[in-house]
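Colleague: fold the following.
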Amino acid sequence: MLRKYFLDPLVSSNAPPWYDARGIAIGLFIGFSVPIGLQMIVLGLARALFPFNAVIAFAFTWVNNPLTVAPMYYGYYYLGSVILNKPPALSAADFKGLLDPILKTDFFWQTARQFAYLGWDFLLRWTVAALIVGVAVGCAGYWIGFYIQKEHCRRKAVALGMTYEKLLSDLNQGLNNRDSKRAGPG
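Modeller: Alright, predicted model coming up:
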């Protein structure tokens, strides 16, 4: 699964390193900072605003999933409490009880409504920590992903008998051609 959803899209990418790295960063930012159930909507909105590898971003949003949501969200609640200098009022067990309705929803609006029911104090603590963690992990993901993809492109250029700069130019041109075809006639 790790190979199929994370490694193969990176290795088989025919895009410049910045494009794939941006997909990693956006996927990690959304995965770490957007409540589960709302992630695909935010990913779609982000894709409408600027270019990035949406397949890679989609894969990286899954850092937040039904298995990780309870410890991740309690960590956000606790970290947000520390940052805002407010003592945590909930234990991990109490917190899990509050989270159950969110995990049992089937639709986007149900998830959003259940999350809002947690209250302003909780949402403030959660949001402060989630944004800090999301930005930090997204930035780290960008730079690590860029380095990995840059090295992958350097090896690919050597294998193709061309310079890295020429391959990068070709990849950027291919990306521009795909974007202009997607936009349709002018």
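
Colleague: quick one: distance of the one helix or strand L45 maps to to the chain centre.
Modeller: Under the criterion of DSSP states H and E, L45 resides in helix 39-49. Computed by Cα atoms, centre = their mean, to the nearest Å, the chain-centroid distance of helix 39-49 equals 10 Å.

Colleague: check stretch 15-33 too.
Modeller: 6 Å.

Colleague: again with stretch 109-126
Modeller: In terms of Cα atoms, centre = their mean, the centre of stretch 109-126 is set 20 Å apart from its chain centre.

Colleague: repeat that for stretch 55-62.
Modeller: Worked out by Cα atoms, centre = their mean, stretch 55-62 lies 6 Å from the chain centre.

Colleague: repeat for stretch 160-173
Modeller: For stretch 160-173, the distance to the chain centre is 28 Å (Cα atoms, centre = their mean).

Colleague: and stretch 119-130, by the same measure?
Modeller: Relative to the centre of its chain, stretch 119-130 is centred 19 Å away, using Cα atoms, centre = their mean.

Colleague: give the buried residues for that stretch.
Modeller: Judged by neighbour count (16 or more other Cβ atoms under 10 Å), stretch 119-130 contains these buried residues: 122-123, 125-126, 128-130. Every C-beta, even on glycine, is put in place using the N, C-alpha and C of the backbone.

Colleague: need those residues in CSV with distance to L99, can you?
Modeller: Shown next, in CSV, are these (distance: Cβ to Cβ, whole Å):
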residue, distance to L99
F122, 10
L123, 13
R125, 14
W126, 11
V128, 18
A129, 15
A130, 14
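
Colleague: center of the chain - which residue?
Modeller: G27 (1.8 Å; Cα atoms, centre = their mean).
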